[in-house]
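Visitor: Give the three-dimensional model of this entry:
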Amino acid sequence: MYKRGQFFLIAAVIIVFVLLGLGTIYSNTSATKEDGSYYDRSNEASFEGARLLDYGTFNSISDQGVQDIMKNLTDYYSSLSPDTEFLFIYGNSSGLTKITITPPSTNSIVTSNIVPSPGSNNITVNFSSGENITLDLSNGKVFYTFSIKNRGDEHLAKTK
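Guide: This next block holds a predicted model:
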């Protein structure tokens with residue numbers, strides 16, 4: 001007597017499952033594994049660079065001596081991460097020193113002096129990847145660290 005109702009109930013459940021099955025969209029995403037060592041080394045390089053500049057200031061080391069110490073630091077971190085470009089910029093509003101080490105394609109340490117335009121508290125820094133960043137020099141002494149790593153289609157950048 002109630003078999004007709006059971007038939008419609010079962011038919012409705014089957015129709016719902018068929019519609020849900022047809023309406024389901026399959027999506028698949030993939031991401032490369034996060035390179036934690038890159039961020040750890042960038043933070044460590046920034047910390048050590050600041051401590052080395054403090055050491056040079058407190059012990060009255062000449063500008064050339066500080067520059068040599070910073071080159072050694074840059075060279076050390078480059079050996080740990082050979083595919084990463086490191087930049088250290090330090091000095092004050094009257095003049096800055098930029099130490100750059102580029103990835104293995106050139107693997108060279110370049111030291112250059114940056115003199116800001118008179119009356120300007122900003123400078124523009126160019127990276128080997130073609131990107132530029134403007135830095136504010138109004139706070140007196142300056143210390144910036146940058147690291148850039150290209151991994152496949154990804155472009156990782158860390159600044160401090």
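Visitor: separation between residue 135 and residue 143?
Guide: Applying CB to CB, to the nearest Å, the value for residue 135 to residue 143 is 11 Å. Just so you know, the C-beta spots here come from the backbone N, C-alpha and C atoms, and that holds for glycine as well.
Visitor: Please enumerate the shared neighbours of these two.
Guide: residue 89 (CB atoms under 8 Å, 6 or more residues apart in numbering).
Visitor: Extract the residue ranges of the protein that are flagged as low pLDDT.
Guide: Along the chain, the model assigns pLDDT under 70 to residues 1-4, 24-29, 34-35, 93, 103-109, 129, 139-141, 153-155, 157-160.
Visitor: how about the strands in it?
Guide: Listed in chain order, the strands of the chain (DSSP state E) span 84-92, 95-101, 109-114, 122-126, 132-136, 142-151, 154-159.
Visitor: quick one, which of those is nearest to residue 19?
Guide: strand 154-159 (40.0 Å; CB to CB).
Visitor: tilt between the longest helix along the chain and strand 142-151?
Guide: Using DSSP state H, we find that the single longest helix of the chain is helix 36-58. With axes from the mean of the first three to the mean of the last three CA atoms, to 10 degrees applied, the angle from helix 36-58 to strand 142-151 works out at 160 degrees.
Visitor: Buried ones in helix 36-58, by neighbour count?
Guide: 38, 41, 42, 45, 46, 49, 52, 53, 56 (16 or more other CB atoms under 10 Å).
Visitor: swap in stretch 117-130?
Guide: 123, 125.
Visitor: cool, and stretch 82-92?
Guide: 84, 85, 86, 87, 88, 89, 90, 91.
Visitor: before we move on, the earlier item: now do the longest helix of the chain: which elements does it pack against?
Guide: Applying 3 or more CB pairs under 8 Å, 6 or more residues apart in numbering; DSSP states H and E, we find helix 36-58 packed against helix 63-80, strand 84-92, strand 142-151, strand 154-159.
Visitor: now the angle between strand 84-92 and it, please.
Guide: 20 degrees.
Visitor: Helix 36-58 to strand 95-101, inter-axis angle?
Guide: 140 degrees.
Visitor: ok, now which ones touch the residue nearest to residue 125 when sequence neighbours are not counted?
Guide: Counting by CB to CB, 6 or more residues apart in numbering, residue 133 is the residue found nearest to residue 125 once chain neighbours are left out, at 5.3 Å. Contacts for residue 133 were tallied using CB under 8 Å, 6+ apart; they are 124, 125, 127, 146, 159.
Visitor: Now find how far off-centre stretch 40-60 is within its chain.
Guide: Stretch 40-60 sits 18 Å away from the centroid of its parent chain (CA atoms, centre = their mean, to the nearest Å).
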